[in-house]
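Q: Okay, predicted coordinates and the sequence, questions at the end:
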Amino acid sequence: MFDISFSELLLIAVVALIVLGPERLPKVARTVGHLMGRAQRYMNDVKSDIQREMDLEEINKLKNQMQDAANSVRSSVNDSVNTIKDPLSEAQQALSDLHKPLDTPTEPVAAEKKAALPDTAEAAQPASTATPDNASKAKE
C-alpha cells in the first residue's frame, strides 16, 4: 500500500522502540495495526463503491443500446407488417366491391329467374294421366 521495503520498516521499528520504549511499544503497535486495518477496509469499500458505479454506468449504457436495438427491430417489423397490410386491405376492399353487385340482383335478372321457374300451383297438382290404378279408382 505504501511501498515500504523491509529495511525501511526495520528502521521505523528501531526508532519507535527508542522513542516509545519497550513498555508502550506493543500497545502502540496494536493501535497502529487496527488503524491500518480500518484504513485498508475503508479504501477497499471506496474502491468497491467506485467499481459498482462504473459497472452500473456500463450496465446502463448496455441497457440503452439494447433498447435502441429493440426499438429499431420493432420499427422495422412494423414497417414490414404495414407493407403487407396495405395490399391485403386493398384486396379485401376489391373483393367486397365484387360481392356487392352479386348480392343485390337487378330487375331483369329477377324477372328471368321467375320466368324460368314453373308455377308452384301447377307443380303442386297431380298429373291427370290415366294409369291402371287411377282408372279403376276413377270408375268408382
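A: Ah, there it is.

Q: average model confidence for the biggest helix by length in the chain?
A: Secondary structure of the chain per DSSP state H: the longest helix is helix 25-103. On average, the pLDDT along helix 25-103 is 89.

Q: Does anything pack onto it? Which helices or strands?
A: Counting contacts by 3 or more CB pairs under 8 Å, 6 or more residues apart in numbering; DSSP states H and E, helix 25-103 is packed against helix 6-20. C-beta coordinates here come from the backbone N, C-alpha and C atoms, glycine included.

Q: buried stuff in the helix it packs on?
A: Judged by neighbour count using 16 or more other CB atoms under 10 Å, helix 6-20 contains no buried positions.

Q: Show residues contacting that helix.
A: 4, 25, 28, 29 (CB atoms under 8 Å, 6 or more residues apart in numbering).

Q: Return the entry from the residues you listed with the maximum number of neighbours.
A: residue 25 (15 neighbours; other CB atoms under 10 Å).

Q: And the closest residue to that one other than its chain neighbours, how far from residue 70?
A: Spatial nearest neighbour of residue 25, chain neighbours left out: residue 17 (5.8 Å); criterion: CB to CB, 6 or more residues apart in numbering. For residue 17, the distance to residue 70 equals 68 Å [CB to CB, to the nearest Å].

Q: For residue 9, give me the pLDDT.
A: So residue 9 comes in at 83 (pLDDT).

Q: Residue 42: how many residues sit nearby?
A: Neighbourhood size, residue 42 [other CB under 10 Å]: 10.

Q: got a list of what it touches?
A: Contacts of residue 42 (CB under 8 Å, 6+ apart): none.

Q: now swap in the one 3 residues further on and tell me
A: Residues in contact with residue 45 (CB under 8 Å, 6+ apart): none are found.

Q: what's the distance between it and residue 55?
A: With CB to CB as the criterion, residue 45 and residue 55 are 15 Å apart.

Q: Kindly report the same for residue 5.
A: Residue 5 is 35 Å from residue 55, by CB to CB.

Q: Residue 4 now?
A: 32 Å.

Q: next one: residue 98
A: Taking CB to CB, one finds residue 98 at 64 Å from residue 55.
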